[in-house]
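K.L.:
Sequence first, then the predicted structure, then my questions.
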Number of protein chains: 2
Amino acid sequence: MKRSSIKDIARLARVSHSTVSRALSGSTLISPETAGRIRKIAEESGYRPSAAARSLVTSRTATIGVVVTSIADPFAAEVVLGIEDAANDHDYSVILANSNAQPEREVRVVRAFEERRVDGIIVTSSRVGAIYVDMLSQTQVPIVLLNNQHPSEFMHSVMIDNVAGGLDATRHLVGLGHRRIAYIGDRFGCQSDTERFGGYRSALDLAYLPFLPEYVAHGDGKPDGGAPAMESLLSLPSPPTAVFCYNDMTALGAIRAISARGLRVPADISIVGFDDLFFAQYSAPPLTTVRQPMRDMGRLALETLLQLLSGAATQPNIKVPGELIVRQSTSAPMENS
Amino acid sequence: MKRSSIKDIARLARVSHSTVSRALSGSTLISPETAGRIRKIAEESGYRPSAAARSLVTSRTATIGVVVTSIADPFAAEVVLGIEDAANDHDYSVILANSNAQPEREVRVVRAFEERRVDGIIVTSSRVGAIYVDMLSQTQVPIVLLNNQHPSEFMHSVMIDNVAGGLDATRHLVGLGHRRIAYIGDRFGCQSDTERFGGYRSALDLAYLPFLPEYVAHGDGKPDGGAPAMESLLSLPSPPTAVFCYNDMTALGAIRAISARGLRVPADISIVGFDDLFFAQYSAPPLTTVRQPMRDMGRLALETLLQLLSGAATQPNIKVPGELIVRQSTSAPMENS
DNA sequence: CTGAAAGCGCTTACAG
DNA sequence: CTGAAAGCGCTTACAG
């Protein structure tokens, strides 16, 4: 059976379909009695306005497109939760698309968003930035980047304060007495990596600790990349006693590599992560890490987008502070280290 | 600047907009030269057909709605990844909605899906089933339930084989020599809980082990519910030596409670989970669990939906086998147990 | 092979 | 306060 349209309601209410439209949209032009009667009929017949028809004339869809590398990435999932939650509050829907970090797919995603005339787009943790810049210049669709590569002047963004986070993490290690502190970064050299590394460097400088290039290794942001990076550090003539990792996933891999060598965390080596993913508190040992307020960041991204849509003045680049969470993966170095 | 429409392309190509429509949709009616010329112009001007306008006449949207309790739940995230991935293959988009297990919100979600005229709906792990039954009867929109409450005769579903999973998990413990085996279920009494419990019972029966009601406790599917349930089991005069948990999250809480008592897993108590979430391999200790092929299940749900949409005959209730993954949270019981 | 016309379900000036 | 009319951007019989 076909869904009923505004005309069906009009017929039942013995008014014109224009009147129905007005009554249902809460126009003050309509007499309260008529409006009430129409709304009752619409309710009873289970009428649902067609979003497509409405958007065709209003040229807005109340839909925003969200691109994530993978929704199965816990960081992305938390961010999307925040976005969807906030969207729901404002009667917006979220169209989700995974890019899988495949450029070809990223292009298709953008096409799909354009065809669906999303009102705005949020891109989370993408390494591809250029494609969105192009899109923006062609479509006028506001875009908000979350923890993304180089937000340009055209782009609004929500970013964690990577520098301060890296600084806090590394200072925590310095404070525990570590002097040989390594960094396992992300081999793709994205902005967050550069900035977290920057925080690490600053902390070394502040403590008058020398920066040793051999104490920098690179993973891929996941455990399987973190493990070999840690192995290479362990093979050093004078291995580090503490490692600040680009993120929690990398830290998990690092811990795995350390255990594989028969060493213990934190007794032999301290580990700090970044993100504070849900399971950071359940890892072995529970992870000291820099917490990103992921849901809040998602919500903030959506609200920024909505402000952009309403034409309100917006702070173009929002920086959110992280928070060091100390758990059991860090301790003072051993005496003889 | 406004997006160009089919009319703009028609003007540029000096043809009617009908011809443009046909050329772009690959109609064989159009001469190859004309079609090529039109496509080239459309390409150059960055034309994107309006999905809304198209759907208004075709009365399909190539969109499916997905309801999850929370996208931040790792199980849901993996499932959604599978759905989105498969949807992408078939040029469908996914509208995502979190219900947060709030009935009021679940209703709004359904309304939004109706207004957007989604072609079909997938509901994952919802405790509310009735609302979707109602919707189905009103809208003809096919619905596929994934690991959901009571798939009725109107509903198609993809389910993990909970009974076999519970059976395997418990038999594994029996095989290790355990005789005092407990079960921590989900207090909401959903179908998967009932079925996993059923598998547990069968395994006890097969091993001629008595079923003891005091060996059944209830959590809430999350660590914070699993921990107190485990505590109550530990307070028993003769506590169990092994526990099969409703899911990995519950198992995490159980392990936490065990550690809090100064006991060890698996030396003192063996623990089996269910799901094999990503971090099950990184927990302390790595978790023995029943793996659900979450992505495949998501993909299967989408493909079932597409078959329903195409009117093809479909197997209404698909049961997917789980797989016992043995890690380090289980071992033989201590001698004196 | 191509075009003119109708229509999908809405919103919104324009009249009254 | 209400209605008739136009139009959003498409697709698709119907003619030719």
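P.N.:
Done, it's in. Residues are numbered from 1 along each chain as shown, chains lettered A, B, ... in the order given.
K.L.:
Start from the N-terminal end of the stretch 201-337 of chain A and give the strands.
P.N.:
For the stretch 201-337 of chain A, the strands defined by DSSP state E, counting those that start in this stretch cover A:216-219, A:242-245, A:270-275, A:288-291, A:317-320, A:323-325.
K.L.:
Please identify the deepest-packed of those strands.
P.N.:
Highest mean neighbour count of these: strand A:242-245, a mean of 32 (counted as mean count of other CB atoms under 10 Å in any protein chain shown). (C-beta placed from N, C-alpha, C; glycine too.)
K.L.:
I'd like to check what contacts that strand. Which residues are they?
P.N.:
With contacts defined as CB atoms under 8 Å, 6 or more residues apart in numbering or on different chains, strand A:242-245 is touched by A:166, A:169-170, A:173, A:176, A:178, A:180-184, A:196, A:200, A:219, A:226, A:230, A:233, A:251, A:254, A:269-274, A:330, A:333.
K.L.:
Same check on stretch A:21-33?
P.N.:
Under the criterion CB under 8 Å, 6+ apart, residues A:6, A:19, A:34, A:35, A:38, A:39, A:42, A:49 lie in contact with stretch A:21-33.
K.L.:
Of all pairs in the residues you listed, which one is the farthest apart?
P.N.:
A:34 and A:49 (18.0 Å; CB to CB).
K.L.:
who has more neighbours, the two?
P.N.:
residue A:49 (18 against 15; other CB atoms under 10 Å in any protein chain shown).
K.L.:
Give me the distance between stretch A:50-66 and the centre of its chain.
P.N.:
Its chain's average C-alpha position is 25 Å from that of stretch A:50-66, according to CA atoms, centre = their mean, to the nearest Å.
K.L.:
Does DNA strand D have contacts with it?
P.N.:
Yes: counting by CB under 7 Å from any atom of the strand, DNA strand D has neighbours in stretch A:50-66: A:53, A:56, A:57, A:59.
K.L.:
For stretch A:276-291, list the C-alpha coordinates in PDB.
P.N.:
Written as PDB, here are the backbone C-alpha positions of stretch A:276-291 (Å, rounded to 0.1, in the frame of the first residue of the first chain):
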ATOM      1  CA  ASP A 276      41.700   6.700  26.000                       C
ATOM      2  CA  LEU A 277      39.600   4.300  24.000                       C
ATOM      3  CA  PHE A 278      37.100   2.300  26.100                       C
ATOM      4  CA  PHE A 279      39.400  -0.700  26.500                       C
ATOM      5  CA  ALA A 280      42.400   1.300  27.600                       C
ATOM      6  CA  GLN A 281      41.200   0.600  31.100                       C
ATOM      7  CA  TYR A 282      41.000  -3.100  30.500                       C
ATOM      8  CA  SER A 283      44.300  -3.700  28.700                       C
ATOM      9  CA  ALA A 284      47.100  -5.500  30.400                       C
ATOM     10  CA  PRO A 285      48.200  -3.400  32.200                       C
ATOM     11  CA  PRO A 286      45.500  -0.700  32.100                       C
ATOM     12  CA  LEU A 287      46.900   2.100  30.000                       C
ATOM     13  CA  THR A 288      48.100   5.500  31.000                       C
ATOM     14  CA  THR A 289      47.000   7.700  28.200                       C
ATOM     15  CA  VAL A 290      45.800  11.100  27.000                       C
ATOM     16  CA  ARG A 291      42.100  11.200  26.900                       C
END
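K.L.:
So, low pLDDT: which residues of the stretch 51-200 of chain A?
P.N.:
A:127-139, A:150-154 (pLDDT under 70).
K.L.:
Could you find the closest non-adjacent residue to the closest residue to DNA strand C within it?
P.N.:
Residue of the stretch 51-200 of chain A nearest DNA strand C, by CB to the nearest atom of the strand: residue A:53 (3.3 Å). Once flanking residues are discounted, residue A:53 sits nearest to residue B:56: 5.8 Å by CB to CB, 6 or more residues apart in numbering or on different chains.
K.L.:
how about the helix or strand hosting the one you found: buried residues?
P.N.:
Secondary structure assignment for residue B:56, by DSSP states H and E: helix B:51-58. For helix B:51-58, the buried set under the neighbour-count rule, 16 or more other CB atoms under 10 Å in any protein chain shown, comprises B:51, B:52, B:53, B:54, B:55, B:56.
K.L.:
tell me the two of those residues that are most distant?
P.N.:
Greatest spatial distance among these (CB to CB): B:51 and B:56, at 9.6 Å.
K.L.:
overlap in contacts of the two?
P.N.:
With CB under 8 Å, 6+ apart as the test, residue B:51 and residue B:56 both reach residue A:52.
K.L.:
Could you tell me which residues of chain A lie near DNA strand D?
P.N.:
Residues of chain A lying near DNA strand D (CB under 7 Å from any atom of the strand): A:15-19, A:22, A:28-32, A:34-35, A:53, A:56-57, A:59.
K.L.:
And the pLDDT for residue A:334?
P.N.:
Model confidence at residue A:334, given as pLDDT, is 84.
K.L.:
ah, wrong one, I meant residue A:201
P.N.:
Per-residue confidence (pLDDT) for residue A:201: 98.
K.L.:
What of residue A:309?
P.N.:
pLDDT, residue A:309: 90.
K.L.:
and what of the one 3 residues further on?
P.N.:
Confidence at residue A:312, expressed as pLDDT, is 82.
K.L.:
For it, list the residues it contacts.
P.N.:
Listed by CB under 8 Å, 6+ apart, the contact set of residue A:312 is empty.
K.L.:
That one and residue A:63: what is the separation?
P.N.:
According to CB to CB, to the nearest Å, residue A:312 and residue A:63 sit 20 Å apart.
K.L.:
Against residue A:229, how distant is the closest residue to residue A:202 other than its chain neighbours?
P.N.:
Spatially, and ignoring its direct neighbours in sequence, residue A:202 is nearest to residue A:167 (5.4 Å; CB to CB, 6+ apart). Per CB to CB, residue A:167 is found 21 Å from residue A:229.
K.L.:
The two: which has the busier surroundings?
P.N.:
Taking neighbours as other CB under 10 Å, residue A:167 and residue A:229 compare with residue A:229 leading, 27 against 22.
K.L.:
quick one, what contacts residue A:71?
P.N.:
A:77, A:80, A:96, A:98, B:71, B:77, B:80, B:81, B:84.
K.L.:
Need the three-state assignment for it.
P.N.:
Put simply, residue A:71 is coil when judged by DSSP: H, G, I helix; E, B strand; the rest coil.
K.L.:
Got phi/psi on it?
P.N.:
According to degrees, to the nearest 10, the main-chain angles of residue A:71 amount to phi -70, psi -20.
K.L.:
Equivalent analysis for residue A:186, please.
P.N.:
For residue A:186, the backbone dihedrals (degrees, to the nearest 10) come out as phi -110, psi 130.
K.L.:
thought it was touching residue A:219?
P.N.:
Yes: at 6.6 Å, residue A:186 counts as touching residue A:219 under the criterion of CB atoms under 8 Å.
K.L.:
joint contacts of these two?
P.N.:
Residues within reach of residue A:186 and of residue A:219 at once, by CB under 8 Å, 6+ apart, are A:246, A:250.
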